[in-house]
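*Asks:* Got a predicted model here, sequence first, then my questions.
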Amino acid sequence: MAVHDEACEQCGEFLAYANAKSLPEVVNRLDSLTYREHTGRHALEQAQAENKRLVADLEEQTLLTEQVQARGKLLKEIIEGFLLYLNDSPDQTIIPDGRISDAAAVLAEGDEDGELKPEAERRLKESLKTPREKLLTSDEMRQKLEDADDDPD
């Protein structure tokens, strides 16, 4: 029977195992099972460490997602409050795309108490008007066309 010492590739620990060539040596073959078990434990430890790392990453991503959602909700509440303040009625609470920066620039002109000066408030409301509000209604357009047809010039 030949007895071999082999070092574990992971930890360097020497493990003895035997090559069984006869029935009495089969008992000694358990040593080779011990080596496989030992290296298998290392693989299990690595898998558990990787699993813990992935769980920690997932928890971090979940926390970041919750923070972003909370900030988004707060921002939405701030914008809704801002719009309710600016608009005459609560059903006119839509700012057209690209108008937020104009509104922010005008808001920066507020006095120390955060109140807008009348001129700044007028400019802010003007900057928030939608193009639809600036267009003529269909009746107004029809009247202009009829007036143009009646005009001989």
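*Replies:* Looks like it came in fine. Residues are numbered from 1 along each chain as shown.
*Asks:* Which other helices and strands does the helix or strand containing Thr62 contact?
*Replies:* Using DSSP states H and E, Thr62 maps to helix 30-86. When contacts are defined as 3 or more C-beta pairs under 8 Å, 6 or more residues apart in numbering; DSSP states H and E, helix 30-86 sits against strand 14-19. From N, CA and C alone the C-beta is placed, and that goes for glycine too.
*Asks:* Over the strand it packs on, what's the mean pLDDT, rounded is fine.
*Replies:* For strand 14-19, mean pLDDT rounds to 52.
*Asks:* how much space is there between Gly81 and Leu75?
*Replies:* Distance from Gly81 to Leu75, counting by C-beta to C-beta, to the nearest Å: 11 Å.
*Asks:* typo on my end, it should be Leu54
*Replies:* From Leu54 across to Leu75, the span is 31 Å (C-beta to C-beta).
*Asks:* Could you chop this structure up by domain?
*Replies:* If you go by automatic domain parsing, the domain ranges for the chain are 1-88, 94-153.
*Asks:* among these, where is the model least confident on average?
*Replies:* domain 94-153 (a mean of 59).
*Asks:* if I look at Val55, how far off is Thr65?
*Replies:* Applying C-beta to C-beta, the value for Val55 to Thr65 is 15 Å.
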